[in-house]
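> A predicted structure for the sequence below; I have some questions about it.
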Amino acid sequence: MGHLIPFLELANRLVLHHNLQATLFVVGTGSSSAEFALLQKPSPVNIIPLPHASSSLDSNAPIFNIISSMMTASFPFLRSSIAAANPRPVALIVDLFGTPALSIAHELGMLGFVFMTTSAWFLSLSFFYPSFDKSMVDAHVDNHDPLVIPGCTPVRFENTIEVFELNQKEVYVGFGSFASELGTADGILSNTWQDLEPTTLKALSEAGTLGKGKVNEVPIFPIGPLTSNGDPTLESEVLKWLDRQPDESVIYVSFGSGGTLREEQITELAWGLEMSQQRFVWVIRPPAGTESMGTFFTAGRGSSGDDWASEFLPEGFIKRTKEVGLVIPMWGPQAEILSHRSVRGFVTHCGWNSSLESIVNGVAMVTWPLYAEQKMNAAVLTEEVGVAVRVRAEGDGLVKRKEIENKVRMIMEGKEGGGIRERVKGLKISGEKAVTKGGSSYNSLARVASECDIFRRRRDGGCYSLP
């Protein structure tokens, strides 16, 4: 969902704001009813599901490897669909896992763009990765030395991406092969905006003087924030419950479409919320194994009904908190919850999509990263942007109840939280301006549309040659 939502929003904006036609190819996991519902909504975009062979990898293999395998398996169907299209498409826009398909775009006489649905900081890591010395990467993985990115904040190992944490060379070598394909793109779109990450975007815009090779000649287009606007007509029990709460009195707790906690951590979280004495909405999932992690390919499956949640909560928790809290099994309407007047804070896994949804609704965050690049995102939100506080685990890997209580109270009522809340509300306004006609991100996407139009006229006029 973290990739699907911004891609669908991008396609909608290209159609509605920039007078283009758009087709969205979806390689779905089939794991989420929310994913299915999103794709069934009326849209000006033509949506085509792409078949793919099930990954032959073990379900416990690194998520990066599984997704890469599925994407690669879908490429023949993607190629045949594009080749059969009439009129010929002008451009193909892929995500990081789809960068090998850029060669398909160029082979078929199209522009090839990459849409990074992540922070600009993670984009900078990917962008410069092919030019990193092997010794620097090895020192980061083996000795936990900071990873130095030209012009950007170095990545401390405590904030590194899952690819490096795993310390499996074949995994980060695989990541490098995808990152190297960025250099073959005609442009890179980034789901961020100028005011959110100015230093990193400046480094990326000046990349031609900081490195070697074609990767540093690729233009960067900040086009965010692209997030779900939610459905103002949606009716649900959680929204009715929120309607009965005072303004800015509720903290929302969710770890995304794939985030799960181990059973002991669920217990600590429950006690932390209860001890904080704050109103809350908590989207809860069954625990998975012994570690807090991502379960993309099982999220939304398994337990049915509402009764199972109490099995993993402290005895009497639901009864004791029934006046101030609401526990939702599996899934909640996040965009609608975050935009509700009664919500002030968000305990989040720091998926970039969730982070942006929080910012565009002026909701301060408690960051609790679990996997992928979420630790980088948490560092951006807390250390660079200042719209969040971060929970810290103890030596056994657990975030203890007192830590949870303190951080929730800080965001909801503390003096330090007041400054954070003011900053996030300022960025909400900034984000709105960026994507409004005449704003920096609107103009950036307009330049992409213009390049597509110029390319189409040259190509159809016989003036185009393949790179």
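Right, received. Where do you want to start?
> low-scoring pLDDT stretches of the stretch 101-250 of the chain, where are they?
For the stretch 101-250 of the chain, residues meeting the criterion pLDDT under 70 lie at 207-216.
> What's the local residue count around the closest residue to Glu268 other than its chain neighbours?
Of all residues not flanking Glu268 in the chain, Arg401 sits nearest, at 4.8 Å (Cβ to Cβ, 6 or more residues apart in numbering). To be clear about C-beta, it is placed using only N, CA and C from the backbone, and glycine gets the same treatment. Counted by other Cβ atoms under 10 Å, the residues lying close to Arg401 total 19.
> now do Ser441
Ser441 has 27 neighbouring residues, counting by other Cβ under 10 Å.
> Apart from its neighbours in sequence, what residue is nearest it?
Here the nearest residue to Ser441 in space, its sequence neighbours aside, is Ala434; by Cβ to Cβ, 6+ apart that works out to 4.1 Å.
> before we move on, what SS does that neighbour have?
Following DSSP: H, G, I helix; E, B strand; the rest coil, the label given to Ala434 is helix.
> contacting residues around it?
193-195, 224-225, 440-442 (Cβ atoms under 8 Å, 6 or more residues apart in numbering).
> Likewise for Val324?
Contacts for Val324 were tallied using Cβ under 8 Å, 6+ apart; they are 277-280.
> just so I have it, where are all the strands in this protein?
Along the chain, the stretches classed as strands by DSSP state E are 23-26, 46-49, 91-94, 111-116, 187-190, 220-222, 250-254, 259-260, 279-284, 293-294, 325-329, 343-348, 364-367, 388-390.
> and the fourth one, what other elements does it pack with?
Other elements packing on strand 111-116 under the criterion 3 or more Cβ pairs under 8 Å, 6 or more residues apart in numbering; DSSP states H and E are helix 4-16, strand 91-94, helix 102-107, helix 120-128, strand 187-190, helix 440-460.
> Make sure Ser236 is actually in contact with Pro333.
Yes: if you go by Cβ atoms under 8 Å, Ser236 and Pro333 touch, sitting 5.9 Å apart.
> quick one: which of those two has more around it?
Between Ser236 and Pro333, Pro333 has the larger neighbour count (other Cβ under 10 Å), namely 21 against 14.
> pLDDT wise, what is that one at?
pLDDT, Pro333: 95.
> Look up phi and psi at it.
phi -70, psi 90 (degrees, to the nearest 10).
> Now do the same contact list for it.
230-231, 234, 236, 238-239.
> follow-up on the earlier one: Ser276 versus the residue nearest to Glu268, what's the distance?
9 Å (Cβ to Cβ, to the nearest Å).
> Next: Ser68.
Distance from Ser68 to Ser276, counting by Cβ to Cβ: 40 Å.
> same deal with Val173?
According to Cβ to Cβ, Val173 and Ser276 sit 44 Å apart.
> Compare those two (neighbour count), which wins?
Counted by other Cβ under 10 Å, Val173 and Ser276 do not tie: Ser276 has more neighbours, with 22 against 11.
> how about the nearest residue to Arg456, chain neighbours excluded?
Val90 (4.6 Å).
> again with Val94
Ala101 (5.2 Å).
> What number of residues are in the vicinity of that neighbour?
22.
> can you check Lys375 too?
Neighbours around Lys375, by other Cβ under 10 Å: 23.
> Verify the contact between it and Thr382 for me.
No: applying Cβ under 8 Å as the test, Lys375 and Thr382 come out as separate, 10.7 Å apart.
> How about the contacts made by the residue nearest to Ser228 when sequence neighbours are not counted?
Spatial nearest neighbour of Ser228, excluding adjacent residues (Cβ to Cβ, 6+ apart): Ala335 at 4.2 Å. Residues counted as contacts of Ala335 (Cβ under 8 Å, 6+ apart) are 227-231, 357.
> Please report the distance of Ala335 from Gly176.
From Ala335 to Gly176 the distance is 35 Å (Cβ to Cβ).
> low-confidence ranges in the stretch 301-450 of the chain?
Flagging of the stretch 301-450 of the chain using pLDDT under 70 yields the residue ranges 301-307.
> Which parts of it are helices?
Along the stretch 301-450 of the chain, counting by DSSP state H, counting those that start in this stretch, helices occupy 317-320, 334-338, 352-360, 374-379, 401-412, 415-435, 440-460.
> among those helices, which is nearest Glu311?
helix 317-320 (11.1 Å; Cβ to Cβ).
> what sits up against the closest one?
Helix 317-320 has contacts (Cβ under 8 Å, 6+ apart) with 270, 274, 309-310, 325, 327.
> What residues of it count as buried?
Residues of helix 317-320 classed as buried: Phe317 (neighbour count, 16 or more other Cβ atoms under 10 Å).
> swap in stretch 312-332?
Using 16+ other Cβ under 10 Å as the test for burial, stretch 312-332 gives 312-313, 317, 321, 324-332.
> Give me the most central residue, this protein.
Nearest to the geometric centre of the chain sits Trp352, at 3.2 Å (Cα atoms, centre = their mean).
> Against Gly414, how distant is the residue nearest to that one when sequence neighbours are not counted?
Closest residue to Trp352 apart from its sequence neighbours, by Cβ to Cβ, 6+ apart: Thr118 at 5.0 Å. Per Cβ to Cβ, Thr118 is found 30 Å from Gly414.
> Pick out whichever of the two has more residues nearby.
In terms of neighbours (other Cβ under 10 Å), Thr118 is the more surrounded of Thr118 and Gly414; the figures are 27 against 16.
> Touching, Ser339 and Ile359? I think so.
No: using Cβ under 8 Å, Ser339 is not in contact with Ile359, being 12.0 Å away.
> neighbour count winner among the two?
Neighbour count, other Cβ under 10 Å: between Ser339 and Ile359, Ile359 has more, with 29 against 18.
> thinking that one is in contact with Lys425, fair?
No: Ile359 is not in contact with Lys425 according to Cβ under 8 Å; the separation is 9.5 Å.
> Look up how far Val360 lies from Ala83.
Taken as Cβ to Cβ, the span from Ala83 to Val360 is 38 Å.
> and those two? which has more neighbours close in?
Val360 (25 against 11).
> Can you show me the helices along the stretch 101-250 of the chain?
Remark: helices assigned in the stretch 101-250 of the chain by DSSP H, counting those that start in this stretch are 102-107, 120-128, 134-143, 162-165, 169-180, 198-205, 237-243.
> The shortest one - contacts with which helices or strands?
Counting contacts by 3+ Cβ pairs under 8 Å, 6+ apart, helix 162-165 is packed against helix 63-84, helix 134-143, helix 169-180.
> for that helix, the distance to its chain's centre please.
Chain-centre distance of helix 162-165: 17 Å, with Cα atoms, centre = their mean, to the nearest Å.
> sorry, back to before: make a ChimeraX selection of the buried ones in the contacts of Val324.
ChimeraX command restricting the contacts of Val324 to the buried ones, with burial defined by 16+ other Cβ under 10 Å:
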select :278,279,280
